[in-house]
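Participant: fold the following.
(one chain, ligands or ions: 2)
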Amino acid sequence: MMNRAIVEATALGVLLAACLAVWWGARGRRVLSDGGVVERESIRNEFDRLQRAALRWLTTTDHKDVGLLYIVFGTVAGVWGGIDAMMMRTELLTPAADIWTPETYNALFTTHGLTMLIFFAAPVFFGIGNYVLPLLLGADDMAFPRVNAIGFWLLPPALLLARAGLFIQVGGQLLNLVLPAEPIRFLLTVREVGVGWTLYAPLSIQSPNPQLDLLLLGLHLSGIATTIGAINFIATVFYERADDVTWASLDIFSWNMLVTSGLALFAFPLLGSAIVMLLLDRNFGTTFFTSDGGGALLWQHLFWFWGHPEVYILFLPATGLMSLLLPKFVGRKLFGFRAVVYSTLGLSVLSFGVWAHHMFVTGIDPRIGASFMAVSIAIAVPSAIKVFNWLTTMWDGNIRMTAPLILCAGGIGTFIIGGVTGVFLAVIPIDILYHGTYYVVGHFHLIVVGIIPFMMIAASYYWYPLITGRWYDRRLARFQSVLLVFGGTVAFMTLLVIGGLGLPRRQAIYPAEFQLAQQIATVGSYVVGISALLWLYNMLASYWQGDRVESTDPWNLKKTNQFTNEWQWFEARMVDRYDMTPTEPETVRRSYAPEAEAASSLSSGAVGSTWRIVASNASLAAIGGFVGTVLMAGGLGTAALVGVFDLVSLIELAELVGLPPNPILGVGLFLVGGTVTWPLLFLAFSDYLPGRMLFETGLVFATIISSGFILAFYTGQSGLALVGYLAFVLVAHWAYGLGLTVTFRYLQTRRRDRLEAGDA
Ligand code: HEM
Ligand SMILES: [Cu+2]
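Facilitator: Numbers count the residues shown, from 1 in each chain. Ligands and ions are numbered 1, 2, ... in the order given. Purely as a prediction, here's the structure:
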């Protein structure tokens, strides 16, 4: 059995050394604009330069520098937590605990979970926020630049405290080579904590490991850091916006960072108090969480009242990046901007109301459980709104197969699977079945790996030219993205299956029949690990060797009117520094300030014009719908005559909406639906699908409703009757769709002609 501490410390050391080597090597072979290569300066000069750089980075308060510090720190923590993960998955290659001991495995899943959630995900998002938020807002800096730097500098000591066990253990073992064990017994007994990242009482009170106290202090410190950062984001969005950035034109990523910061502001002080209580219980004999005091359940309530919102603190910035990046790579503005903002707000409020879904199996009162189940399921609604808006944004877009797009599309996919499996877990009977199994691990990793790092990496590619003035290696990036999506899906879908078969998690030992599946999951994880290293390599090497950015609009965003504030800043800088000429057209409109929405703000004139639009759309819909419905009735009538369509369906239609089973009512509903509901929906959709011929859209639309119709009214035919039924339903709806579009086109053209005649 191997020594975990030595292996992990060595792996971490080797990786950091490799990064330094890549950096050193790439620096030495810098390419100049004339094609030549820079010689490395003398060691002496290099040393001076390093000294100056160190002083600069230690004292900087510039938001861009602080942002990079956060990102580098988060990346180091992510690598460390990732090594934990790889070590865990390595253990699980065999059913027995023959690579590490079970105690080591316990320590690994504890440090992995804590490092990833607290020291990797949140800091990286805070870093991205620090770098781009002021640029997006047109602000000079964050509201409190020095506080900002302090907020960051609390993190490294926090991480070192939380994970000091590893260094103490390695140090002890090294000393033991030269010293006898007795005087350094303390150093030899300290271990990284193995009680699980949720630190459940009573184990977390009784565990004698002193490292647990250091961990609690480290977590407390990180909570202070997060709160400071959150306050700064809130103040910045409120008070530092440029004059032309109003609430209505605030970009979607800033919205998400604002809401996230609000969540952190309410959640982290609570964690802080709970941690202090736990420390007191451990060291000073208080009884907050012991059985003669508040009890172990109290810890769980407090912990999850922080813990569930915390998950959203990590998740919301990722959705913000998705909403910001996706439109850039499909050339269309974000569909339903407002709905996306509202869904973010909705998620933030709901996320505080669902904590007890983590406690369904603790024997809480079933009535309490039931209400938590209801709220937890309700959270699916705002999440689904986001997904639908992303899908609709992509619909018909001009998709550019870049690395960020691959990650966005992959992220939507894994989020759908992760989210849907979460809805199942919110249902008490299912949770009782799957709680504590790998199903849970699969579910949340599809989100914490599926969308969070995907979007971080997508953002790193997207803004790489802006930050460094160079391009990353784009082929390598595409390869890396595909590898990441593939590896993540393989690893965590497999865990869903393993959990579905009932294997408990947090166990180093498992029955032999699961071996193959566990090995597949491990291979998937290694693929994720390799792709993370490729990303790291690309970032470091391209910083010195990447192609220089030649254009002030490297992503060609002006073409689709998406040249947002941060790129305008970039353009100004490139013109200033390198005398580049701005790309055409020089002035651009910001795309994420949806003009249509601005018009519907609540001034009286706007309301009047909104009503006019509604009224004219409604009449257009009614006429088009009537024509379409008549055509469709022809198709269905023929089907009824040849005997493949049963008129009983119309009676069922009435019953479906709760009316008496009367054929007349059914026909009435058919006419009303066909004349009003569908055409209005169609109008709403075609508004958002510019560029595609109305004609084609009509056919797609008709195909979609006919599929719904077929599912709803499938009457049990088989063989030829079924084929005839399908054919006629389809044809009838196509006739409907054509009727709609031709009528719309005709009426719209006539109206435009009339308007132009009036103007003239
Ligand atoms: C390649 C990437 C990753 C792999 C292979 C991986 C693997 C694992 C494994 C094997 C477990 C232990 C399951 C068990 O025995 O119960 C685990 C738990 C966990 N992981 Fe990951 N993980 C990865 C990335 C992440 C990320 C990015 C996050 C968060 C942002 C994360 C958060 C967690 C948490 C919170 C736990 C629960 C720890 C516990 O059971 O107490 N993981 N992961
Ligand atoms: Cu939860």
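
Participant: in the chain, what residue spans correspond to strands?
Facilitator: Here the chain has no strands by DSSP state E.

Participant: OK, contacts around Pro582?
Facilitator: Contacts for Pro582 (Cβ atoms under 8 Å, 6 or more residues apart in numbering) come out as 552-553, 571, 575. Where C-beta positions appear, they are placed from N, C-alpha and C, glycine not excepted.

Participant: so which of those comes closest to Ala384?
Facilitator: Nearest to Ala384, judged by Cβ to Cβ, of the contacts of Pro582 is Asp553 at 34.6 Å.

Participant: need the contact list for the closest one.
Facilitator: Neighbouring residues of Asp553 by Cβ under 8 Å, 6+ apart: 563, 567, 571, 582-583.

Participant: now do 7 Å
Facilitator: Neighbour list for Asp553: 563, 567, 571, 583 [criterion: Cβ atoms under 7 Å, 6 or more residues apart in numbering].

Participant: excluding its backbone neighbours, what's nearest the last one?
Facilitator: It stands for Thr583. Asp553 (4.3 Å; Cβ to Cβ, 6 or more residues apart in numbering).

Participant: what residues of stretch 405-424 count as buried?
Facilitator: 405-419, 421-423 (16 or more other Cβ atoms under 10 Å).

Participant: swap in stretch 155-173?
Facilitator: Here stretch 155-173 shows 155-156, 158-159, 161-166, 168-173 as buried, counting by 16+ other Cβ under 10 Å.

Participant: for the stretch 301-450 of the chain, which residues are neighbours of ligand 1?
Facilitator: Neighbours of ligand 1 within the stretch 301-450 of the chain, by Cβ under 6 Å from any ligand atom: 441, 445, 448-449.

Participant: quick check, nearest of those residues to Ile385?
Facilitator: Val448 (21.3 Å).

Participant: coming back round to it: of the residues of the stretch 301-450 of the chain next to ligand 1, just the buried ones, ChimeraX syntax please.
Facilitator: Filtering these down to the buried ones (16+ other Cβ under 10 Å) takes a single ChimeraX command:
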select :441,445,448,449
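
Participant: how about the contacts made by Gly151?
Facilitator: Gly151 neighbours (Cβ under 7 Å, 6+ apart): 225, 228-229, 232.

Participant: please redo it, this time with the cut-off set to 6 Å
Facilitator: If a contact means Cβ atoms under 6 Å, 6 or more residues apart in numbering, then Gly151 has 225, 228-229 as its contacts.

Participant: number of residues surrounding Leu631?
Facilitator: 21 (other Cβ atoms under 10 Å).

Participant: hang on, it packs against His733?
Facilitator: No: Leu631 lies out of contact with His733 (Cβ atoms under 6 Å); the separation is 9.7 Å.

Participant: so which of the buried residues of stretch 155-173 sit within helices?
Facilitator: Among the buried residues of stretch 155-173, the members falling in helices (DSSP state H) are 155-156, 158-159, 161-162, 164-166, 168-173.

Participant: how far off centre is stretch 741-756?
Facilitator: 43 Å (Cα atoms, centre = their mean, to the nearest Å).

Participant: same question, stretch 514-522
Facilitator: Relative to the chain's own centre, stretch 514-522 is displaced by 27 Å; criterion: Cα atoms, centre = their mean.

Participant: quick one: residues in contact with it.
Facilitator: Residues outside stretch 514-522 that contact it (Cβ under 6 Å, 6+ apart): 89, 92-93, 95, 491, 494-495, 498, 503.

Participant: quick test: name the residue nearest the centre of the protein.
Facilitator: Centroid check for the chain by Cα atoms, centre = their mean gives Ala318 as the closest residue, at 3.3 Å.

Participant: that one - nearest residue in space that isn't next to it in sequence?
Facilitator: The shortest distance from Ala318 to any non-neighbouring residue, by Cβ to Cβ, 6+ apart, is to Met455 (4.2 Å).

Participant: so the one you found sits against Ser323, correct?
Facilitator: No: counting by Cβ under 6 Å, Met455 sits too far from Ser323 to count as a contact (10.0 Å).

Participant: tell me the mean pLDDT over stretch 171-178?
Facilitator: Taken as a whole, stretch 171-178 has an average pLDDT of 87.

Participant: pull the most distant pair out of the contacts of stretch 514-522.
Facilitator: Top of the distance list for the contacts of stretch 514-522 (Cβ to Cβ): Pro95 and Ala491, 18.4 Å.
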